[in-house]
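Student: Model the following, please.
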Amino acid sequence: MATTDRQATTLALAHALSAAERGLAVIPLSRTKLPALRSPHRDDPSRPPCHGECGRFGHGVYDATTDPARIRALFAAAPRATGYGIACGLPPRHLIGVDLDTKNGTDPGTSLRALASRHGFTVPPTVVVLTPSGGRHLWLSGPPDVVVPNSAGRLAPGIDIRGAGGYLVGPGSRTQHGAYRAAP
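Tutor: Residues are numbered from 1 along each chain as shown. Have a look, this model is predicted:
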C-alpha cells in the first residue's frame, strides 16, 4: 500500500473516532464510497440475509458502532479504507441525511426551497458537508419514533434521503473523486 493510502486510512480512522465520540455510529468506506469490508456471506447465496448476527465484519451499515475498540478493529480489517460512513436513523441522534446532488444539471437547492415553501417548513441551521462533486449533505435530527426510509430523487430531482439503513460519507473522507469536508 502506498504511503498516501496509509495516511488516508489513518486520517479516516481519526475522523471516524472523532465522530463516534459525538455519538455517531461509523463504518469504514472504500474510495468508491462503499463499505470497505466485503460480506462474509458473499459466496453463499442460499444463506438468509444476515445483519451481523454471525458476529463477523462485512455487514455494511449493520457493523456501524460508536465503540472505539470495535472501530479500530473494523479499520484494521479494512486496511484500504480511505473514508468512513455515518449510519443514519440510529439513536441518540436519529440522523437523517438530505443529499443535494448537482449531477445531471439539477438544482437541488431550488427544489428544496420549493418543497419547503409548498409544505410550510424551514430547513434549520445544521451541519453541512460539501461533496467532491459540488453537492451538499445536510444533517438533520429526526424524531425517535419515526423511521425515515432511504430514497433517491423521490422528493425532487437531485434530492436523496438517507435514513434508517443508510449512511452518509463523513467529512474528512477521501474518495476517488476527492475529499468530503465540513462547510465553514
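Student: Which positions within stretch 123-141 qualify as buried?
Tutor: Of the residues in stretch 123-141, those scored as buried under the neighbour-count criterion (16 or more other C-beta atoms under 10 Å) are 128, 129, 130, 131, 135, 136, 137, 138, 139, 140. Placement of C-beta: from N, CA and C, glycine included.
Student: List the residues that contact the last one.
Tutor: In this case it means residue 140. Residues touching residue 140, when contacts are defined by C-beta atoms under 8 Å, 6 or more residues apart in numbering, comprise 95, 96, 97, 98, 124, 126.
Student: Try it again at 7 Å.
Tutor: Going by C-beta atoms under 7 Å, 6 or more residues apart in numbering, residue 140 touches 96, 98, 126.
Student: how close does the second one get to residue 19?
Tutor: Per C-beta to C-beta, to the nearest Å, residue 98 is found 18 Å from residue 19.
Student: Restricted to strands, list the contacts of residue 140.
Tutor: Secondary structure defined by DSSP state E assigns 96, 98 of these to strands.
Student: Read off the pLDDT value for the residue lying closest to residue 128 once chain neighbours are set aside.
Tutor: Of all residues not flanking residue 128 in the chain, residue 183 sits nearest, at 4.0 Å (C-beta to C-beta, 6 or more residues apart in numbering). Looking at residue 183, its pLDDT reads 95.
Student: Near residue 183, how many other residues are there?
Tutor: A count of neighbours around residue 183, defined by other C-beta atoms under 10 Å, yields 11.
Student: Name the spans of the protein whose pLDDT lies under the cut-off.
Tutor: 1-4 (pLDDT under 70).
Student: Do a quick rundown of the helices in it.
Tutor: Remark: helices of the chain, listed N- to C-terminal, are 3-21, 68-77, 108-119; assignment by DSSP state H.
Student: Sort out which residues of the longest one are buried, please.
Tutor: So that's helix 3-21. Neighbour-count burial for helix 3-21, with 16+ other C-beta under 10 Å as criterion, is recorded at 8, 9, 11, 12, 13, 15, 16, 17, 19, 20.
Student: what's the answer for stretch 86-99, then?
Tutor: Result for stretch 86-99 [16+ other C-beta under 10 Å]: buried residues 86, 87, 88, 89, 90, 93, 94, 95, 96, 97, 98, 99.
Student: cool, and stretch 28-36?
Tutor: For stretch 28-36, the neighbour count (16+ other C-beta under 10 Å) marks 28, 29, 30, 31, 33, 35, 36 as buried.
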